[in-house]
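Peer 1: 3D model of this:
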Amino acid sequence: MGNDLSVLGNPLRDVKKEFDQLVIPYRPALWSYCRSITGSPWDAEDLVQETLLKAFSSLSQLWQPLNTKAYLFRIASNTWIDYCRKQKMKLDTIEDLDTLSSDDSDIGLEINDAMEMIVSLLPPRQRVVFLLIEAFQFKAKEVAEMIGTTEGAVKAALNRARWKMKNSSEKQSSSTKKVIPVEDRKLIETYIHFFNNRDTDGMAGLLVENVSNDIVHIAQEYGKDTLRKNSLADWAKDPVEMTAELYMLWDKPTIVQVTYMDGKKAVYDLNLFDIEDGKIARKKDYYFCPDILQAAAQELNLKVYPREYQF
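Peer 2: Numbers count the residues shown, from 1 in each chain. Below you'll find the predicted structure:
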C-alpha cells in the first residue's frame, strides 16, 4: 500500500454511498438552515460540505443511536459557533429568564423575509437558537443538547433574540458594491472565451501547475494535469450546449454556466476562482449542489437546470 492514501478510498465509497442515501432527505433543510445562520449562500454551501464531511468521518466513533437530522444540525451549529469564536465575533450574552418578558413568542414575522435582520441583529449563538426553534421546530431541550448548554440558557437566548427582533427599528443599508480588479476580470474573461469555444487547452493554460479543484461534495483534484485528464476532459464531452457568463453573485465574481430550457436561459453550473499572480490557483465547481444552483437561479431571475443530489 505504501504511502498512497487513495487506495483506502475504494472500500470507503460504498459506505459513503449508504451515508449519502441516509442524509439526502435532510439536505434541503440543512442547506436552508446553514444559509440562515451564515447569511450567505456561499458560506452555507461551505458549512453544509464541512458538516457532511464531519458527520461521515465520525461514523466509526458513534456508539449510540442518533437522530440523523438532529445530528447534522448539531454539527452545523457547533461548526458555525466555533468558526465565529475563532474570528473573535461576539457570540452573545445569555441572560436570566426573568430579565426578559416571556410573551415575546409571537414576533409576527416570516423567517425568510426577516433573514437580513436576523443576520444583522443576532450574534451567532442567539441566531442558532432562534432559527433552530422558530424556523426548524426543534425543542429547547434538543437545542441545548446540540450546542452543549442548559435548557434554561437556550430559553434565555431565545427570549433575548425574540425581544431584539420585535423591538428593533434597524433598517438594512445596501451593501457596498463590489468591484472586480481589472487584471482578475481580464483573466476571467479570457477563461470564458476559451470555455465558450470548448478550448480545454486554453482553459488549462490559465491554471497554475499545482491548481486545486473542489468539485463540491464529490471530488478533489490536485494539479493541472489531473484536471486536464479528468474534469476538463469530462466537461468537453458534456452534450449539453452551454455558455459561460460573468456575474457578481452574492458579492463574488462568479462564472455562471447557462443553457436554455424551453427557450429560456437556465443556470447549469457555478464556478468560483482564487486568482494568484495572474493565474487560477483554486477552483470551486458547484455542479453537484442543487440547493445553491436553485438559489442562484432565483437571484438572477433565471430557470435552473434540473439536478439531483449525487451519491
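
Peer 1: can you give me the helices for the stretch 151-300 of the chain?
Peer 2: Assigned by DSSP state H, counting those that start in this stretch, the stretch 151-300 of the chain shows helices spanning 151-167, 182-196, 200-204, 224-229, 231-237, 290-300.

Peer 1: average pLDDT for the third one?
Peer 2: In this model, helix 200-204 has a mean pLDDT of 95.

Peer 1: Show me what it is packed against.
Peer 2: Here helix 200-204 touches helix 182-196, helix 224-229, helix 231-237, going by 3 or more Cβ pairs under 8 Å, 6 or more residues apart in numbering; DSSP states H and E. C-betas here are computed from N, CA, C, even on glycine.

Peer 1: Between those, which one is closest to Lys279.
Peer 2: Each of the helices and strands packed on helix 200-204 was scored for nearness to Lys279 using Cβ to Cβ, and the closest is helix 182-196 (7.4 Å).

Peer 1: can you redo the helices and strands packed on helix 200-204 as CSV with distance to Arg27, mean pLDDT and mean neighbour count?
Peer 2: Below are those laid out as CSV (distance: least, Cβ to Cβ, whole Å; pLDDT from 0 to 100; neighbours: other Cβ atoms under 10 Å):
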stretch, distance to Arg27, mean pLDDT, mean neighbour count
helix 182-196, 29, 95, 15
helix 224-229, 27, 95, 17
helix 231-237, 23, 94, 13
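
Peer 1: so which of these gets nearest Leu302?
Peer 2: Here helix 182-196 is closest among the helices and strands packed on helix 200-204 (Cβ to Cβ), at 17.1 Å.

Peer 1: name the helices or strands packed onto that closest one?
Peer 2: Using 3+ Cβ pairs under 8 Å, 6+ apart, helix 182-196 sits against helix 200-204, strand 243-249, strand 252-261, strand 264-276, strand 279-285.

Peer 1: export those to a markdown table and tack on mean neighbour count?
Peer 2: Below are the helices and strands packed on helix 182-196 laid out as a markdown table (neighbours: other Cβ atoms under 10 Å):
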| stretch | mean neighbour count |
| --- | --- |
| helix 200-204 | 16 |
| strand 243-249 | 16 |
| strand 252-261 | 19 |
| strand 264-276 | 18 |
| strand 279-285 | 18 |
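
Peer 1: Mind checking those for the one nearest to Ala55?
Peer 2: That would be strand 279-285 among these, by Cβ to Cβ, at 20.9 Å.

Peer 1: now the closest one and strand 252-261, what's the angle there?
Peer 2: 50 degrees (axes from the mean of the first three to the mean of the last three Cα atoms, to 10 degrees).
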